[in-house]
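Undergrad: how would this look folded up:
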Amino acid sequence: MRCRLEMGSREAVREAVAQGMGLGIVADTAYVPDPRLVRLPLSGVVLSTHAHLICRKDRQVMPLVASFLALAQQMAEVA
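TA: Got it, this is the predicted structure:
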């Protein structure tokens, strides 16, 4: 499968597909039911996505922020 068009958001993918531009792939957690669309689950395919955390450097030492970043790091190492 070759990518012909890359969209900047899942909402853009949904609208493009709803307007008849083809099919789109979004994460199961990002799928929003829409009466104009048909959900077709993929099986036997390994896909991945990326998430990024951004934080101001001076706020990294705040206890709540530091705890959150540590937890995110632990989760990234497990995945």
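Undergrad: Next up, the contacts around Arg56.
TA: By Cβ atoms under 8 Å, 6 or more residues apart in numbering, the contact set of Arg56 is empty. Any C-beta I mention is one placed from the backbone N, CA and C, and that applies to glycine too.
Undergrad: what is the mean pLDDT for stretch 30-48?
TA: For stretch 30-48, mean pLDDT rounds to 87.
Undergrad: Can we start the residue count at 36 from this point?
TA: Got it, first residue is 36 now, which makes that one stretch 65-83.
Undergrad: Okay, now the unreliable bits of this protein?
TA: 36, 38, 114 (pLDDT under 70).
Undergrad: ok, which stretches of the chain are helices?
TA: Remark: helices assigned in the chain by DSSP state H are 45-53, 98-113.
Undergrad: Can I get these in a markdown table including distance to Arg74 and mean neighbour count?
TA: Shown next, in a markdown table, are the helices of the chain (distance: least, Cβ to Cβ, whole Å; neighbours: other Cβ atoms under 10 Å):
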| stretch | distance to Arg74 | mean neighbour count |
| --- | --- | --- |
| helix 45-53 | 11 | 16 |
| helix 98-113 | 27 | 10 |
